[in-house]
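could you work out the structure for the sequence below:
(2 chains, ligands or ions: 2)
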Amino acid sequence: MLHLEHIHKVFNEGTPDEKIALNQANLTLHKGDFVTIIGSNGAGKSTLMNIISGVHSPDMGKVVIDNREVTVLPEYRRARYIGRVFQDPMAGTAPSMTIEENLSIAYCRSKRRTFKKGVTKRRRDFFQEALQTLHLGLENRLNAKVGLLSGGERQALSLLMATFTEPAILLLDEHTAALDPARAALITNLTKEIVATKELTTLMVTHNMQQALDLGNKLLMMDKGGIIREYDEQEKRNLTVDKLLDEFQKIKGEQLVNDRALLS
Amino acid sequence: MALALFSAFESGVIYAIMALGVYLSFRVLDFPDLTVDGSFVTGAAVAAVMILQGYNPFLASTVALLAGFVAGCLTGILHTKGGINPLLSGILMMIALYSINLRIMGKSNIPLLNQQTALDQVEAVWSNVAVLSSWGVVIFMLLVTLSFKLLLDWFLKTEVGLAVRATGNNPKMIRSFAAHTDWLIILGLGVSNAFVAFSGAFIAQLSSFADVGMGIGMIIIGLASVIIGEALFGSKTIGRTTLAVIGGAIVYRIVVSIALRIEFLDAGDMKLITAIIVIIALIVPKVMDDHKVRKMKKKRNAQRLANLQSLSEEKEEHHASS
Ligand SMILES: Nc1ncnc2c1ncn2[C@@H]1O[C@H](COP(=O)(O)OP(=O)(O)OP(=O)(O)O)[C@@H](O)[C@H]1O
Ligand SMILES: [Mg+2]
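Ligands and ions are numbered 1, 2, ... in the order given. Purely as a prediction, here's the structure:
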């Protein structure tokens, strides 16, 4: 379904700011996999997402979606198959446009945009139905500007917009991080529900260990531009936050020891 | 005076089409497009030259519109494909158009006094059916301007139009929904400048000349119309806003014609007046917002203070009684 091969990405190469964001990262996702990704700041999680969605192209390596190599396909062409929700609730919607207009934009993701009306009666009914699944009453506010919604409402809408055309891959980059605990829980539950009913192949980045354990069937740990540990379904079920932290320390510690050995 | 106001209204209706174009680039696409100063003249030049050569004035105006479309697309290409910043792409195009406009016209001024313009034709048709022939032109231009407004309203509600609006609003988001923002910007600027050039073509026909300098400051006049319109008539929906922009263009013309009646001001001061109007229109809303916020804060603080006081008084009473 999704296949990353030896992905290498360096930012500002050849300058003092040089930063190796991804270092020989490999990843294979099967259809319906829901993978959570954890890792410290700067580990390369967002870069990984950006390489998959085509925001950045890798310096080396291959990106394959649905048996199609898309490594050099520009973002806007890949976006047909990829739904995304960003960390910033402002990022996923157009604030000065109405809810139904935003939904129409999302609806046109997988087709060619035409000079026909964006919001028709039929689509409006469909949008209303889809909004009902959020249980936020947004179905009665189709003509409200999205800029007037709260962060949680906007993020719920972004999630809906990213998923209701059933993309081949769903990328969630800390999409609950900017919300208060109650809203975050709401979005987490919605995510669980939507991914399950649509059987979406999903990658979710989070700094919340508990969330990483609660959701999904696989877990990846990233550090310094690489995927340092993969837990499959079986292993993940037996994990706890403490065990996870322990293991993270251990792996990092070993690396430190190795680094020291190299240096001395 | 009445005559001056009437002709101000008349030209305002025609300038409104230009203002709609500026609304599209400036407000919808969030692209301060200075091409307008050049493309307005391009429209006037193309129409004037074609009319002079005996072409149908309506055909001439349509070709002017297409020329404006091309000019706008070029600015868009400079920005998106050439990676030049929006302001600079517009300025470059405006400068380039100055020479191109001179080439089209062959000289710096083309008089159209003895030519059959589109407006003359309308007047001729109208005078057969009614007495007040001068109203014919205004009503005709009102209809034309309104159809441009409706066309723009319709466009901004199509699937492509929604994507154009999102491009101006949140480009990152619209790219994540599989739209190519480059083409949307190019298309938007093309349509915007098509409107502007068409307006230029009719202004040339109304004032019976095309002049290579007639576009100077046009972007600011467009901006003034948009800002005045939105402030006076509101901007709740697209349809409302485009109507407001037309109103703004007309009000602007009327304000200018009144200003010109003040003794010590003459025609040359018009640009200065325009600049001052825009500066005021840009600053006043901000100052008013600040003022509102400050007033609210003051009220809130007074309330808080009162609450605190009543609380401490209660406490004291409590102490006293116990
Ligand atoms: N556009 C960019 N230009 C330059 N450097 C970048 C860019 N994007 C990321 N980097 C660098 O690449 C490294 C990996 O960044 P990335 O955003 O992928 O980390 P992350 O794992 O998402 O971290 P966080 O948990 O803080 O979101 C960082 O050191 C970052 O500074
Ligand atoms: Mg990140």
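
please count neighbours and contacts with C-alpha atoms only from this point.
Noted.

which residues in the stretch 151-264 of chain A form strands?
A:169-173, A:201-205, A:218-223, A:226-231 (DSSP state E, counting those that start in this stretch).

before we move on, what about the stretch 101-250 of chain B?
Using DSSP E, counting those that start in this stretch, the strands of the stretch 101-250 of chain B run over B:109-111, B:209-211.

turn these into JSON lines, columns for mean pLDDT.
JSON lines is the format used below for the strands of the stretch 101-250 of chain B (pLDDT from 0 to 100):
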{"stretch": "strand B:109-111", "mean pLDDT": "95"}
{"stretch": "strand B:209-211", "mean pLDDT": "96"}
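
any idea which of these is most buried?
strand B:209-211 (a mean of 22; mean count of other C-alpha atoms under 10 Å in any protein chain shown).

so how far is residue A:11 from the residue in the stretch 1-150 of chain B that ligand 1 sits nearest to?
When you check the stretch 1-150 of chain B against ligand 1 by C-alpha to the nearest ligand atom, the closest residue turns out to be residue B:83, at 17.5 Å. From residue B:83 over to residue A:11 the distance is 20 Å, taken as C-alpha to C-alpha, to the nearest Å.

ok, residue A:232 next?
Distance, residue A:232 to residue A:11, using C-alpha to C-alpha: 31 Å.

kindly report the same for residue A:235.
34 Å.

also residue B:175?
For residue B:175 relative to residue A:11 (C-alpha to C-alpha), the value is 22 Å.

next one: residue A:192
The gap separating residue A:192 from residue A:11 is 34 Å, by C-alpha to C-alpha.

one more: residue B:54?
In terms of C-alpha to C-alpha, residue B:54 sits 61 Å off from residue A:11.

any idea how chain B splits into domains?
B:2-261, B:272-322 (automatic domain parsing).

report the distance from the last one to the chain centre.
On the basis of C-alpha atoms, centre = their mean, to the nearest Å, domain B:272-322 is displaced by 36 Å from the centre of the chain it belongs to.

give the contact list for whichever residue of chain B sits closest to ligand 1.
Ranked by C-alpha to the nearest ligand atom, the top residue of chain B for proximity to ligand 1 is residue B:172, at 13.9 Å. Listed by C-alpha atoms under 8 Å, 6 or more residues apart in numbering or on different chains, the contact set of residue B:172 reads A:91-92.

please report how far it lies from residue B:179.
10 Å.

in stretch A:125-142, what counts as buried?
Neighbour counts over stretch A:125-142 (16 or more other C-alpha atoms under 10 Å in any protein chain shown) mark A:127-128, A:130-131, A:134, A:138-139, A:142 as buried.

looking at the residues you listed, which are in helices?
Residues of these located in helices (DSSP state H): A:127-128, A:130-131.

dump those to a markdown table, plus pLDDT.
Shown next, in a markdown table, are these (pLDDT from 0 to 100):
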| residue | pLDDT |
| --- | --- |
| A:127 | 96 |
| A:128 | 96 |
| A:130 | 94 |
| A:131 | 95 |
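
turn these into a markdown table, columns for distance to chain B.
A markdown table is the format used below for these (distance: C-alpha to the nearest C-alpha, whole Å):
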| residue | distance to chain B |
| --- | --- |
| A:127 | 15 |
| A:128 | 19 |
| A:130 | 18 |
| A:131 | 18 |
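
ligand 1: which of these is nearest?
Closest approach to ligand 1 among these (C-alpha to the nearest ligand atom): residue A:131, at 29.4 Å.

OK, contacts around the closest residue to that closest one other than its chain neighbours?
Nearest residue to residue A:131, sequence neighbours excluded (C-alpha to C-alpha, 6 or more residues apart in numbering or on different chains): residue A:139, at 5.2 Å. By C-alpha under 8 Å, 6+ apart, residue A:139 lies in contact with A:127-129, A:131-132.

6 Å - rerun?
A:128, A:131-132 (C-alpha atoms under 6 Å, 6 or more residues apart in numbering or on different chains).

and the residues you listed, which is closest to residue A:148?
Distance to residue A:148 across these (C-alpha to C-alpha) is lowest for residue A:131, with 16.5 Å.

re earlier: which one of the strands of the stretch 101-250 of chain B lies closest to residue A:146?
Closest approach to residue A:146 among the strands of the stretch 101-250 of chain B (C-alpha to C-alpha): strand B:209-211, 45.3 Å.

what separation do you get for residue A:71 and residue B:308?
Residue A:71 sits at a distance of 64 Å from residue B:308 (criterion: C-alpha to C-alpha).

and those two? which has more neighbours close in?
The neighbour count for residue A:71 versus residue B:308, taken as other C-alpha atoms under 10 Å in any protein chain shown, is higher for residue A:71 (21 against 12).

got a list of contacts for the host helix or strand of residue B:90?
Assigned by DSSP states H and E, residue B:90 belongs to helix B:86-105. With C-alpha under 6 Å, 6+ apart as the test, helix B:86-105 has contacts from B:33-35, B:38, B:42, B:45, B:75, B:78-79.

any residues of the stretch 101-250 of chain A in contact with chain B? List them.
A:106, A:109, A:113-118 (C-alpha under 6 Å from any C-alpha of the partner chain).

same thing but 10 Å
Counting by C-alpha under 10 Å from any C-alpha of the partner chain, the residues of the stretch 101-250 of chain A close to chain B are A:101-102, A:104-120, A:143, A:145, A:158, A:161-162.

return only those of these found close to ligand 1.
With C-alpha under 6 Å from any ligand atom as the criterion, those include none near ligand 1.

show me what from the stretch 1-150 of chain A comes close to ligand 1.
Contact residues (C-alpha under 6 Å from any ligand atom) of the stretch 1-150 of chain A with ligand 1: A:11, A:19, A:21, A:40-47.

quick one, helices of the stretch 51-200 of chain A?
Using DSSP state H, counting those that start in this stretch, the helices assigned to the stretch 51-200 of chain A run over residues A:75-78, A:99-107, A:121-132, A:151-163, A:181-198.

name the nearest residue to residue B:273, ignoring sequence neighbours.
Closest to residue B:273 by C-alpha to C-alpha, 6+ apart is residue B:256, at 7.6 Å.
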